[in-house]
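Trainee: Mind looking at a prediction? Sequence and model below.
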There are 2 protein chains.
Amino acid sequence: MSEASKNLRPEIELDEIDRKIVEELQANGRITNAELADRVGVAASTCIARVRSLVSRRIITGFTATVDPRAMGLDLQVLVSVTVRSGARQRIAEMSDELRALPEVMQLFFLGGVEDFIIHLAARDSDHVRDFVMEHLSAHPAVSSTRTSIVFSHHLNPIRGAA
Amino acid sequence: MSEASKNLRPEIELDEIDRKIVEELQANGRITNAELADRVGVAASTCIARVRSLVSRRIITGFTATVDPRAMGLDLQVLVSVTVRSGARQRIAEMSDELRALPEVMQLFFLGGVEDFIIHLAARDSDHVRDFVMEHLSAHPAVSSTRTSIVFSHHLNPIRGAA
DNA sequence: AGTGAAAGGCATCGCTT
DNA sequence: AAGCGATGCCTTTCACT
């Protein structure tokens, strides 16, 4: 990596301790500061300062509980690939905000390629999926076509840094 | 929902307080129990019992820090669609374990449809992507074809329950 | 199931090295 | 960056409802 490109994102230098903190907090985001400090081998006061620094530098962007969609009555997950009409590409950005606000939308991927974006949807059942696609996609003037695939299983990994 | 299908997943009855707890913990997984109790309007002792119950019932499956891949030197995200040779479908399950162990793999979706699975990859650069696809996919005897699309942006939403 | 009180543990701060 | 010590808050347990 050149020095020039480095300077575009200054101060993102993670040492071994930072990396260990990130790793532990990904594995258990509700660990106490005292135990985290023990595990990474620094004093509690140092540890809390490190964590706050990681958060304020937006290396850690948040802490969240992961929830089983089935426990919330959402038994069916699908991926919907969407292609936008070629004359309506500039509307993709505004569709993002509309779609993100919908409770069924777990994830949104905006893509370069044949498809313009992919929606990861959690729904109660197939009727719910159909209603979603009809109402929010097929009926949308910018949408050219959609393709829905059922998700049999889904795995989410923590971020593991580059070598 | 019929009583029969209800009984397949017993004891997943979330009341208003449980739902509020889940919501708050998705928004801020590191909130203190005391503040969480205040926000949902129960005593701290009740609140901690509720949280533990949600975790032991696997409604909440974990707590994690969310990390910016770019901060970890992973500047490029792609989705790779993979189709498996029709004679090798039974190998999909074992490929799951191999792929999940790789540090570049953020997510895995196993699908029904034209593609057998989609890999959400975080990589340093396009060389890194190429190396990953060549080494772990193209060279794999079960893989029939792959298609790689760049991810321009990615949004992750909390789970919001069914009505 | 939920609550409140009490004891111990933890977070957080300022200061020192 | 680490360690120490003090304060106040938080967590946790338990008896009671």
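Mentor: That came through fine. Numbering: from 1, shown residues only, chains lettered A, B, ... in the order given.
Trainee: Now do the contacts for the residue nearest to the spatial centre of chain A.
Mentor: In chain A, the C-alpha nearest the mean C-alpha coordinate belongs to A:Gln107, at 6.4 Å (CA atoms, centre = their mean). By CB atoms under 8 Å, 6 or more residues apart in numbering or on different chains, A:Gln107 lies in contact with A:Ile119, A:His120, B:His154, B:His155, B:Leu156, B:Asn157. Any C-beta I mention is one placed from the backbone N, CA and C, and that applies to glycine too.
Trainee: ok, what's across the strand from the residue nearest to A:Ile159 when sequence neighbours are not counted?
Mentor: Once flanking residues are discounted, A:Ile159 sits nearest to B:Val67: 4.4 Å by CB to CB, 6 or more residues apart in numbering or on different chains. Under DSSP bridges, the beta-bridge partners of B:Val67 are A:Ile60.
Trainee: In this structure B:Val67 contacts A:Pro158, no?
Mentor: Yes - at 7.3 Å, B:Val67 counts as touching A:Pro158 under the criterion of CB atoms under 8 Å.
Trainee: list the residues that contact both of the two?
Mentor: Common neighbours of B:Val67 and A:Pro158 (CB under 8 Å, 6+ apart) are A:Gln26.
Trainee: The two: which has the busier surroundings?
Mentor: B:Val67 (23 against 15; other CB atoms under 10 Å in any protein chain shown).
Trainee: In contact with the more buried one, which residues?
Mentor: A:Val22, A:Gln26, A:Ile59, A:Ile60, A:Thr61, A:Pro158, A:Ile159.
Trainee: let's see 10 Å
Mentor: Going by CB atoms under 10 Å, 6 or more residues apart in numbering or on different chains, B:Val67 touches A:22-23, A:25-26, A:54, A:58-62, A:158-161, B:74.
Trainee: I only care about those residues that end up buried; give me the PyMOL line for that.
Mentor: The buried residues among the contacts of B:Val67 can be selected in PyMOL (16 or more other CB atoms under 10 Å in any protein chain shown) with this line:
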select buried, (chain A and resi 22+23+25+26+54+59+60+62+159+160+161) or (chain B and resi 74)
